[in-house]
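Q: Here is the input, now give the coordinates:
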Amino acid sequence: MSSADVHREMHKSGSTLRDFILGGQDGLVNVLGIILGVATAVQDARIVIIAGIAATFAESISMAAVAYTSFKASRDFYKSEKEREMKEIRELPHVERKEIRDIYYRKGFRGAPLKKIVDKITSDKKVWLDTMMTEELHVSPEDSENPTKSAFVVGFSAIIGSLIPLLPFFFIPIKDAIIVSVIISTITLFIAGSVKAKMTLGTWWKSGIEMSLVGMAAALTGFLIGSLLGVWV
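A: Residues are numbered from 1 along each chain as shown. Just a heads-up that it's a prediction; the model follows:
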């Protein structure tokens, strides 16, 4: 396997993990806010569970649909831009050649080295096209991944994430379940944030705390709304 193939496989794995974290985080945060609001308002575990399950599947379907449409749009954009560049290389090679020269001129190349780079790139139309796509348009084939796969990963992870804050309400009294739900959700968000930082350049503990705070902000909002509505129930 070539280094390019290894890079592509690593990128695919990273993208899948990114989708999983995205869906799981969104599902957990949204459902946590909903069930805490309902639990605080009605003090009935059955209603909390029903609301949580309904929110879980609504959230997962919504997230999957968003992932599908966004990735499909990205793929369609890549294809249309690639076709446009191919046409311009065929019909306006002198213009496209100058664009290659300008790209590497801005990178600091001059004289003979610049001419050699331009000649080498424009001697192979595939290399020429790939260079225009990445250097001029800043898009790559990885930006147009399989939308169906992304939608499935995001939707499935949204279900998993949504069930995490809901599980305590199946097994323990509602007041205890609220506390346990907040604790396990906070821990889960911290771990997810830490893992996300490992994929980027962020500090793991800072990313974990940041994601935990975002989740707890949603939980606090749900708790406050539930407290206010509970007066009227």
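Q: hey, where'd the helices end up in the protein?
A: Along the chain, counting by DSSP state H, helices occupy 3-42, 45-91, 93-106, 111-122, 125-131, 147-166, 168-171, 174-199, 204-230.
Q: Tell me the gap between the third one and the middle of its chain.
A: Put plainly, it is helix 93-106. Chain-centre distance of helix 93-106: 34 Å, with CA atoms, centre = their mean, to the nearest Å.
Q: Mind listing what's buried along that helix?
A: Neighbour-count burial for helix 93-106, with 16 or more other CB atoms under 10 Å as criterion, is recorded at 96-97, 99-101, 103-104. Glycine gets a C-beta too; all of them are placed from N, C-alpha and C.
Q: With the last one instead?
A: Neighbour-count burial for helix 204-230, counted by 16+ other CB under 10 Å, picks out 207-208, 210-212, 215-216, 218-219, 222-223, 225-226.
Q: Let me know the average pLDDT across it.
A: For helix 204-230, mean pLDDT rounds to 80.
Q: So, low pLDDT: which residues of this protein?
A: For the chain, the stretches flagged by pLDDT under 70 are 1-14, 141-145, 200-201, 229-233.
Q: ok, residue 186 - how many residues close by?
A: Residue 186 has 19 neighbours, counted by other CB atoms under 10 Å.
Q: which ones are touching it?
A: If you count contacts by CB atoms under 8 Å, 6 or more residues apart in numbering, residue 186 has them with 212, 215-216.
Q: any chance of those in JSON lines, with distance to residue 27 too?
A: Listed next are these as JSON lines, based on distance: CB to CB, whole Å:
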{"residue": "212", "distance to residue 27": "16"}
{"residue": "215", "distance to residue 27": "11"}
{"residue": "216", "distance to residue 27": "16"}
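Q: which one of these sits closest to residue 158?
A: Lowest distance from residue 158 to the contacts of residue 186 (CB to CB) belongs to residue 215, with 14.2 Å.
Q: ok, the closest one to residue 157 distance?
A: In this view, residue 215 and residue 157 are 15 Å apart by CB to CB, to the nearest Å.
Q: Likewise for residue 133?
A: 30 Å.
Q: Of those two, give the one with the bigger neighbour count.
A: residue 157 (26 against 19).
Q: Can you give me every residue that contacts the closest residue to that one other than its chain neighbours?
A: Spatially, and ignoring its direct neighbours in sequence, residue 157 is nearest to residue 23 (3.5 Å; CB to CB, 6 or more residues apart in numbering). Listed by CB under 8 Å, 6+ apart, the contact set of residue 23 reads 60, 63-64, 67, 153-158, 161.
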